[in-house]
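Participant: mind looking at a prediction? Sequence and model below.
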Amino acid sequence: MPRTDLRHNDQARQGASSSMERRMSTPDSDIKVEVRNLTKYFGRLHVLDDISFNIKRGEFVCVVGPTGCGKTTFLNLLTRIYSPTRGDLFIDGESADPKKHNLAFVFQEPSAFPWLTVEKNLRFGLEIKKLAKDVIDERVEMIIKMLGLQDLRDRYPHQLSVSSEQRIIIGRAFAMHPDLLLMDEPYGQMDVKLRFFLEDEVIRLWQELGTTVVFITHNIEEAVYMAQRILILSTKPTTVKEEVVVDLPRPRRFDDPDFVAIRNYVTEKIKWW
Amino acid sequence: MTQPPSTARLSEAERVALVKRQKKRDKRTATALSVLGILGFLLLWQAIAASGLLSERFLASPLEIVGLFFVKLVDPSPDGAVLGVNILSSLTVALTGFGLAIVIGIPLGLLMGWYRAFDSFMRPVFEIIRPIPPVSWIPLTIVWLGIDLKAKAFIVFFAAFVPCLINAYTGIRQTNPVLINVAKTCGASNFTIFWKVGCPSAMTMVFAGIRVALGNSWATLVAAEMLAADSGLGYMIIMGRQFARADIVILGIAVIGVIGTLFVALLNVVENRVLGWKKQ
Ligand SMILES: Nc1ncnc2c1ncn2[C@@H]1O[C@H](COP(=O)(O)OP(=O)(O)O)[C@@H](O)[C@H]1O
Ligand SMILES: [Mg+2]
């Protein structure tokens, strides 16, 4: 059932000839997100310091860095919740704009709408995007099934446990079928079992939809498990200290010696924060 | 693929059911206590009246008031109107003023709270008018508008308008910024965010404001009718005093109380509709 929907989406994507042309005409056509000389001050607090990097289309990037270094700030800049002090961010070669680009953001804080039921929470973004009702129905059903929310669909968020609420928020983001998925420490307060399950779900979504994923975490093991590339940030004023390419086959195993080697390497890098 | 944990789901359903049962029991106890309280109050009143501690001229018993209620339904003395006319007159004024206050005050408060420019424009005027107690408008209103429906409705409007506006304003200001950002990152326009996030999250405060407004408007109405009216429950009370009819005064008070209670009950029904998600 979801598969037909996905194919549909692909056709739609390929049908958008104008974006195809632009992609082919520019040399950077495989770049989804471009961060150029990004600098951010909050008053006198220097948070981000002249950061530049690219994220490729369809890439899975994890960002790790010390608390308060500006990871959330970076995502807020990318979604225009904040404006950069200097520099800019581009999505598909255009100045980033959530109205134009189909992105979804899983916030660090609980962000389910308390006055909406689980199901209506899942519909929220799709209704904002004004998708057809049958498309919304289908997607929401799929997400409800995927996350095992059948019994909770008419509940309100405050009736759920914290981890169930977070499942809704993640489902809400998945339902958007975003081509850029931003996740800010989404699994921080979840039990291990659910976390492993949802990590695999994000990977599955990423593989099926070709979504570009930016995943912020403080859990190095999680980063190595998921990422194609890990960006290690420094302390404030923050720069990208190092990029680590994780070139392991999937599904990855925590006890694979290569996995352990990369994990230890990243851990070593952040030890002297 | 791993299954989502089914044990957590089960225990959660159980938890909800348990809480629900507990709440139901608490509610039943509370209802029983309220009924007991009212009965106790009426009994005490009846007992005091029957004991002759206070002369009949000052205190009529509840049973006498009930009797008078039926008499007053058809007898226009001493104030010149039967009870139904007085009630209708008061209700018309109250609902006009209160209704206008809601229709104007709440949207205005929401807009002021959401849109900066609108706030800067409206706020100074509002801040000047706000601290003036509604009853102090009565003399001026009489001069301007006389003592007809318009005049009293205006005073009631004023009394109800302020809490409606303030609460709507404060409520929407307290919207959780994370929720605003969720809508923003979905690509929602500012107005859509206002409508789909700001307004619903302001509703708790808005209803608290309506509750205050309801009390205010009912109280102000009676005050206005005591000063300037030729019918209405307030007028009936004043006439009762002039004719030294304590029973008429008490009947007036009782009817005002009962109608006020009915309003609050009605408001509760509406509030449960809108804010039901909190109680589930
Ligand atoms: N809106 C804001 N106003 C002022 N300072 C802020 C604001 N948002 C974040 N900061 C500061 O910027 C720094 C980076 O914050 P944040 O991006 O949340 O860090 P993290 O990497 O933990 O997500 C912190 O020192 C924080 O106090
Ligand atoms: Mg953060």
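Facilitator: Received the coordinates, thanks. Ligands and ions are numbered 1, 2, ... in the order given.
Participant: who's in contact with residue A:121?
Facilitator: Contact analysis of residue A:121 by CB atoms under 8 Å, 6 or more residues apart in numbering or on different chains lists A:112, A:113, A:157, A:168, A:169, A:172. Any C-beta I mention is one placed from the backbone N, CA and C, and that applies to glycine too.
Participant: could you look up the SS state of it?
Facilitator: Assigned with DSSP: H, G, I helix; E, B strand; the rest coil, residue A:121 falls in the helix class.
Participant: from residue A:157, how far out is it?
Facilitator: 7 Å (CB to CB, to the nearest Å).
Participant: common neighbours of these two, please.
Facilitator: Taking CB under 8 Å, 6+ apart as the criterion, residue A:121 and residue A:157 both touch A:112, A:113, A:168.
Participant: give me the next element, helix or strand, following the host helix or strand of residue A:244.
Facilitator: Assigning secondary structure by DSSP states H and E places residue A:244 in strand A:240-245. Next helix or strand after strand A:240-245 toward the C-terminus (DSSP H and E): helix A:257-270.
Participant: quick one, domains of chain A?
Facilitator: What automatic domain parsing lists as the domains of chain A is A:9-102+A:177-270, A:112-176.
Participant: for residue B:238, find the nearest of the ones you listed.
Facilitator: domain A:112-176 (45.4 Å; CB to CB).
Participant: can you redo the domains of chain A as JSON lines with mean pLDDT?
Facilitator: Listed next are the domains of chain A as JSON lines, based on pLDDT from 0 to 100:
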{"stretch": "domain A:9-102+A:177-270", "mean pLDDT": "85"}
{"stretch": "domain A:112-176", "mean pLDDT": "91"}
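Participant: so which of those domains is the most packed in?
Facilitator: Mean neighbour count, computed with mean count of other CB atoms under 10 Å in any protein chain shown, is highest for domain A:112-176 among those, reaching a mean of 19.
Participant: if we can go back for a sec, now tabulate the domains of chain A in a markdown table and tack on distance to residue B:130.
Facilitator: Output for these, formatted as a markdown table (distance: least, CB to CB, whole Å):
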| stretch | distance to residue B:130 |
| --- | --- |
| domain A:9-102+A:177-270 | 33 |
| domain A:112-176 | 29 |
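Participant: want to throw those domains into CSV with distance to ligand 1?
Facilitator: Shown next, in CSV, are the domains of chain A (distance: least, CB to the nearest ligand atom, whole Å):
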stretch, distance to ligand 1
domain A:9-102+A:177-270, 3
domain A:112-176, 17
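Participant: among the ones you listed, which comes closest to residue B:152?
Facilitator: domain A:112-176 (36.7 Å).
Participant: give me the distance between the two termini of that closest one.
Facilitator: The first and last residues of domain A:112-176 sit 15 Å apart, counting by CA to CA, to the nearest Å.
Participant: on that earlier part again, so which of the contacts of residue A:121 reach chain B?
Facilitator: Among these, proximity to chain B is found for residue A:113 (CB under 8 Å from any CB of the partner chain).
Participant: check the contacts of residue A:121 and tell me the two furthest apart.
Facilitator: Largest separation among the contacts of residue A:121 by CB to CB: A:157 and A:172, giving 11.1 Å.
Participant: what's the overlap in contacts for these two?
Facilitator: Common neighbours of residue A:157 and residue A:172, counting by CB under 8 Å, 6+ apart, are A:112, A:121.
Participant: gap between the residue of the stretch 51-200 of chain B found nearest ligand 1 and chain A?
Facilitator: Closest approach of the stretch 51-200 of chain B to ligand 1 (CB to the nearest ligand atom) occurs at residue B:177, with a separation of 9.3 Å. With distances taken as CB to the nearest CB, to the nearest Å, residue B:177 is found 9 Å from chain A.
Participant: same check on residue B:41?
Facilitator: Look at residue B:41 and chain A: by CB to the nearest CB, they are 37 Å apart.
Participant: need the per-residue pLDDT for that residue.
Facilitator: On the pLDDT scale, residue B:41 is placed at 91.
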